[in-house]
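Asks: What follows is a predicted protein model with its sequence.
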Amino acid sequence: MSDQGRTHAVFLDQIEIKNFRGIRRLELKLDETTVLIGENNTGKSTILAALEVCLSRRLGRRGGAFSEYDYRLPTKDSQPSDSDGIEITLRFLERSEGEWPDEVVQALGEAVQVSADDKQAVTFRVRSQFDDLLGDFVTAWTFLNPAGDELVGARNPALLDALRQLVPVFYLSALRDSAQEFTPRGQFWRPFVRFSKMEPDVRQELEEELAHLNQRVLDANESFGAIEERLSNTKTIVPLATDDPVGIEAIPSRVFDILSRTQVMLSSVTGARLPIGRHGEGTQSLAVVCLFDAFLQSRMTDTYRDDTTPILALEEPEAHLHPAAIHSVATLLQGLSGQKLLTSHSGDLVGACSITSLRRLRRKNGEITVHHLTTGILDEDEMRKVNYHIRSNRGSVLFARCWLLVEGEADRLILEGCAEAMNRNLAYEGVSFIEYRQIGVGVEALTTFADSMGIEWHLVADNDKAGDDYVKAAEKQLAGRQATQHISQLQHGTLEVFLSVEGYGYVYKSYISQNKASNVTASQGSLEYWEQVSRSQANKAKIPAAVEVANEIRRNGVTGVPSQLADILNCAIHLAEEARNG
């Protein structure tokens, strides 16, 4: 959907949730596009549901907007009536002073307040709790002043209707079933097939043509005549119209009837057109996303004001899609008008988004915390390089529980080999490698970013001057944490010297350059000897030698893993487990 001709006026700045489903308390700041990531059961879908229910037409209807399963239970033995009550607060705020046009301010009336920084704001709260006197759940909504007190003069339902008109929420769940969506009852398909704006004379002309075509089909099949004659005998038993009591419709004769049977056909690889439900799940899912786009364009044009800013709540738009198709969906989403709130488990989709739009949800000590990169925490150059690295890794590193920060590719190859020898699956454990020397930003920037996103980290550095600098930089980021849990400096020297001392020197000896062999003069097996072997390696031997050593470690099994490298891996896995278990 294009933004052309539509002014984005009312912006949802923040949502606060208390005691809704699995969330005890959560406060979330939003951007123009906000992408929620995190492990399962961290509240991503709950946030979308909270937003949708607050601005839906269900609010205020008889029966309530919430089910008994929406109320967070204090203990495992509690009943919904024991809940402290659901409270959801939405704050809409001008992004710049005077942004809201007079028409918007007038429509929202007394609900509009002035914030501490002189911007106009609207704060809307929904509460729902069990009432002992009534013996039922009671749901109420209200507008608030900047102090959080109820605005008594803003209880007019017309103000709520105005808010819904200005910021309607459109929700697309991850459970996209084309068999349900492309039916007359589908929420996005229904407006196209049920509410025809056809002129009466055009409708009459079409229905006459349909009736004529239907008769031609019946005439071409003589057996229908006999059936019609037999069926007309029904009137002797059941009261029917005396004139023409039976009719057979091979083709629907009324426009609304034929529209209700409209179906989408897509070409297969052979060129044959098949109903959408006969295609694969990925194609069906993508078709529903495209239908959602068409629905929005139609509704925005026909139903809402020019200054309406829709909020699009999209759950896992990448569901069932091939990575190549996910990039296309990301482009489609960028073209949608309005404020967007997405959830995703796709590194490809996340990698296509700005890192400033990401919100990482993490469950810790029974609470859900929100982590994001705050403005100004990285400079422009650091932001660009970190963003590029995440995109080049297709966003997968953002789903890790712990980053293992290593200097380069050789370190990663060796540690991967050690993990396999130890029968530890780092991907399963949630540990991802970051080769920090390759990114071009300092250790401070990477650890700052990891801390901002709620990702644990452990840094590995060589025992040389450069390694000393990396360690010092990491120590500044500890903020009271134990250095032994987050920093390891290799014994003996560089990675190659370390591995040589630990028993894999024979590999590095085989990579000595013939032109440099005479430089190896120290006593064989001494630390100085292995340092000379390391300095005498042939050009471009670093990675091939690391691959060979890693394979040797795999062949030797767990006993072949140097103890310090085993400790490093165990530490990173432990940090990841703590992050998972909260």
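Replies: Received, thanks. Numbers count the residues shown, from 1 in each chain.
Asks: Export stretch 411-425 to PDB, keeping only CA atoms.
Replies: Coordinates of the C-alpha atoms in stretch 411-425 are reproduced here as PDB (Å, rounded to 0.1, in the frame of the first residue of the first chain):
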ATOM      1  CA  ASP A 411      39.300 -19.500  16.000                       C
ATOM      2  CA  ARG A 412      35.700 -20.300  14.900                       C
ATOM      3  CA  LEU A 413      36.900 -23.400  13.000                       C
ATOM      4  CA  ILE A 414      38.900 -24.700  15.900                       C
ATOM      5  CA  LEU A 415      36.100 -24.200  18.500                       C
ATOM      6  CA  GLU A 416      33.500 -25.800  16.200                       C
ATOM      7  CA  GLY A 417      35.800 -28.800  15.900                       C
ATOM      8  CA  CYS A 418      36.100 -28.900  19.700                       C
ATOM      9  CA  ALA A 419      32.400 -28.700  20.200                       C
ATOM     10  CA  GLU A 420      31.800 -31.600  17.900                       C
ATOM     11  CA  ALA A 421      34.400 -33.700  19.700                       C
ATOM     12  CA  MET A 422      32.600 -32.900  23.000                       C
ATOM     13  CA  ASN A 423      29.300 -33.900  21.400                       C
ATOM     14  CA  ARG A 424      27.900 -30.400  22.000                       C
ATOM     15  CA  ASN A 425      25.600 -28.800  19.400                       C
END
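Asks: Check the offset of that stretch from the chain's centre.
Replies: 30 Å (C-alpha atoms, centre = their mean, to the nearest Å).
Asks: List the buried residues of it.
Replies: Neighbour-count burial for stretch 411-425 flags 411-422, 424 (criterion: 16 or more other C-beta atoms under 10 Å). Just so you know, the C-beta spots here come from the backbone N, C-alpha and C atoms, and that holds for glycine as well.
Asks: And for stretch 315-334?
Replies: Across stretch 315-334, burial judged by 16+ other C-beta under 10 Å covers 315-321, 325-327, 329-330, 332-333.
Asks: what two of those residues have the greatest distance between them?
Replies: In the buried residues of stretch 315-334, the most distant members under the criterion C-beta to C-beta are 315 and 327, with 19.0 Å between them.
Asks: can you list the domains in this structure?
Replies: In the assignment given by automatic domain parsing, the structural domains of the chain cover 12-180+283-357, 191-262, 393-581.
Asks: which stretch in the ones you listed has the least confidence?
Replies: If you rank these by mean pLDDT, domain 191-262 sits at the bottom with a mean of 67.
Asks: ranges for the helices of the stretch 251-400 of the chain?
Replies: Taking DSSP state H, counting those that start in this stretch as the criterion, the stretch 251-400 of the chain carries its helices at 255-260, 281-302, 323-334, 347-351, 380-392.
Asks: can you redo the ones you listed as CSV with distance to residue 144?
Replies: Formatted as CSV, the helices of the stretch 251-400 of the chain follow (distance: least, C-beta to C-beta, whole Å):
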stretch, distance to residue 144
helix 255-260, 45
helix 281-302, 29
helix 323-334, 32
helix 347-351, 34
helix 380-392, 35
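Asks: hey, which of those helices is tucked in deepest?
Replies: helix 347-351 (a mean of 23; mean count of other C-beta atoms under 10 Å).
Asks: for that helix, packing partners?
Replies: Using 3 or more C-beta pairs under 8 Å, 6 or more residues apart in numbering; DSSP states H and E as the contact definition, the elements that helix 347-351 packs against are strand 33-38, helix 323-334, helix 380-392.
Asks: Enumerate the positions of the first one that are buried.
Replies: What that stands for is strand 33-38. By neighbour count, with 16+ other C-beta under 10 Å as the criterion, the buried positions of strand 33-38 are 33, 34, 35, 36, 37, 38.
Asks: Nothing else from me, thank you.
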